[in-house]
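Colleague: only geometry, no sequence info:
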């Protein structure tokens with residue numbers, strides 16, 4: 001089965017340092033975000049030129065990053081076509097969502113690379129989130145558009161449970177949580 005026939009898996013658990021290393025760059029994270037964004041019923045399929053246009057980067061800057069993501073199977077060639085006599089590859093994400101394996105947090109040799117990948121991920125999220133706030137696409141209403149009160153109730157109970165667990169018992173363990181959920185409302 002070639003890559004274009006292989007369906008994207010719902011969740012990929014990142015278990016190895018090579019894949020983690022591929023995720024520790026802001027440009028590669030932006031490529032992943034662009035390809036993993038829901039585009040109706042099927043995963044997005046984009047050429048390097050299309051990715052460059054969406055990310056505001058020159059295509060020449062993206063080729064190396066695309067090659068690194070493909071090398072660890074985070075993205076795959078979904079189609080090829082000839083454009084002006086040149087073979088153009090079109091890529092799609094190999095998964096819909098990513099999750100870091102618990103083993104990465106306990107592996108002795110991966111601490112520095114894990115820190116870099118997490119820092120890049122947090123920076124990417126922060127920049128995206130703040131961009132939506134600055135553009136007025138995210139508000140801070142207590143319950144926008146009806147919200148999901150049952151989810152908020154369950155989340156509040158979970159936070160309260162961890163607050164109690166972290167400060168009680170013979171060996172209290174500090175637990176810190178930051179929960180930010182949002183779906184920017186897009187004009188249209």
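Modeller: Yep, that arrived. It should be emphasised that the depicted structure is a prediction, and the values quoted were computed from it without experimental measurement.

Colleague: and the top helix by length along the chain, how far from the chain's centre?
Modeller: What stands out as the longest helix in the chain, according to DSSP state H, is helix 111-134. With CA atoms, centre = their mean, to the nearest Å as the basis, helix 111-134 stands 10 Å off its chain's centre.

Colleague: tell me what that helix is packed against?
Modeller: Using 3 or more CB pairs under 8 Å, 6 or more residues apart in numbering; DSSP states H and E as the contact test, the elements touching helix 111-134 are helix 17-22, helix 26-36. For every residue, glycine as well, the C-beta is placed using N, CA and C.

Colleague: quick one: closest of these to residue 96.
Modeller: Residue 96 lies closest to helix 26-36 among the helices and strands packed on helix 111-134, at 6.6 Å (CB to CB).

Colleague: check which helices and strands the closest one sits against.
Modeller: Helix 26-36 packs on helix 48-55, helix 59-71, strand 75-83, strand 86-93, strand 95-100, helix 111-134, going by 3+ CB pairs under 8 Å, 6+ apart.

Colleague: show me what counts as buried in whichever helix or strand comes after the longest helix of the chain.
Modeller: Where DSSP states H and E defines the elements, the next helix or strand beyond helix 111-134 is helix 149-167. By 16 or more other CB atoms under 10 Å, helix 149-167 has no buried positions at all.

Colleague: start and end of stretch 13-28, how far apart?
Modeller: 17 Å (CA to CA, to the nearest Å).

Colleague: low-confidence ranges, this protein, go.
Modeller: Applying pLDDT under 70 to the chain flags residues 1-5, 39-42, 107-110, 139-148, 164-170, 172-188.

Colleague: quick check: the gap between the residue most central in space within it and residue 9.
Modeller: With distances taken as CA atoms, centre = their mean, residue 33 lies nearest the centre of the chain, 5.4 Å away. According to CB to CB, to the nearest Å, residue 33 stands 17 Å off from residue 9.

Colleague: since that was my last question, I'll sign off now.
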